[in-house]
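[1] Following is a predicted model, sequence given first.
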Amino acid sequence: MLTKHLLPYLLKAADQPGSDVRVIANTSDGYAFHQMIKGGIDFAALDSGSTFDRWFLGTWVRYAQSKVANVLYAAELARRYPQLTSVVIHPGVVRTPMLTDMNRGSYWFTIITCWLQGIVAMEPHEGAYNQLWCAAGAKKEELRNGGFYRPVGVDETANLVGKANDPELARKLWEWTEGVLKKSE
């Protein structure tokens, strides 16, 4: 909704000579759990108000849908408005209450999966580095429009898994989102 409301101003700014207008969205490596959902995003469940209650990893499946949606939306924004630079970033695993105050099962699931991948949790100030690099540190030509970046400034777009690189799913998400936003006007 914020992007939709700002879009006319972003586009006007992008029309200025030498402009460098960026839209930075956050995601997480947790987006990969979207693969547990047939098709990547369950639009019918979203339309019905379902909470995606599942006995196995239900919370992670809900989280994954929101995070893969951020990846897809950034890529679709880049396709539709190439004069803007739209990227999505994973800040890394950061020691904030979002991590430290999780329920015990989710906390240990996260810690163990990170340990298996050799990932060490960062301090909160370090969690801002990737978004700051994409927003202001990188030159415009260093960024892949519609790209996915891991800390710090590592373009991992080619390594997205599942439906996270699916332009048809991105288009469908864009249109679904437009419909939801129209209902709220």
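    Here it is on my side, so go on. Numbering: from 1, shown residues only.

[2] following the helix or strand bottoming out on mean pLDDT in the chain, which helix or strand comes up?
    Ranked by mean pLDDT, DSSP states H and E, the helix or strand of the chain with the weakest confidence is helix 43-48, at a mean of 87. As assigned by DSSP states H and E, the chain's next helix or strand after helix 43-48 is helix 58-80.

[3] Sheet partners, orientation included, of the next helix or strand after that next one?
    Downstream of helix 58-80, the first helix or strand assigned by DSSP H and E is strand 85-89. Applying DSSP bridges, strand 85-89 is found paired with strand 22-26 (parallel), strand 148-150 (parallel).

[4] Could you pull up the mean pLDDT of strand 85-89?
    Mean pLDDT, strand 85-89: 98.

[5] since we're on residue 37, how many residues are nearby?
    Residue 37: 19 surrounding residues under other Cβ atoms under 10 Å. Quick note: C-beta positions are derived from backbone N, CA and C, even for glycine.

[6] pretty sure it contacts residue 65?
    Yes - with contact defined as Cβ atoms under 8 Å, residue 37 reaches residue 65; the gap is 6.7 Å.

[7] which ones are touching residue 3?
    By Cβ atoms under 8 Å, 6 or more residues apart in numbering, the contact list for residue 3 reads 23, 77.

[8] swap the cut-off to 10 Å and go again
    Residue 3 sits next to 10, 23, 25, 73, 74, 77, 81, 84, 86, 177 when contact means Cβ atoms under 10 Å, 6 or more residues apart in numbering.

[9] ok, the residues you listed vs residue 151, which is closest?
    The shortest approach to residue 151 among these belongs to residue 25, at 15.3 Å (Cβ to Cβ).

[10] Distance of that closest one relative to residue 133?
    Residue 25 sits 14 Å away from residue 133, going by Cβ to Cβ, to the nearest Å.

[11] cool, residue 174 as well?
    Taking Cβ to Cβ as the measure, residue 174 falls 26 Å from residue 133.
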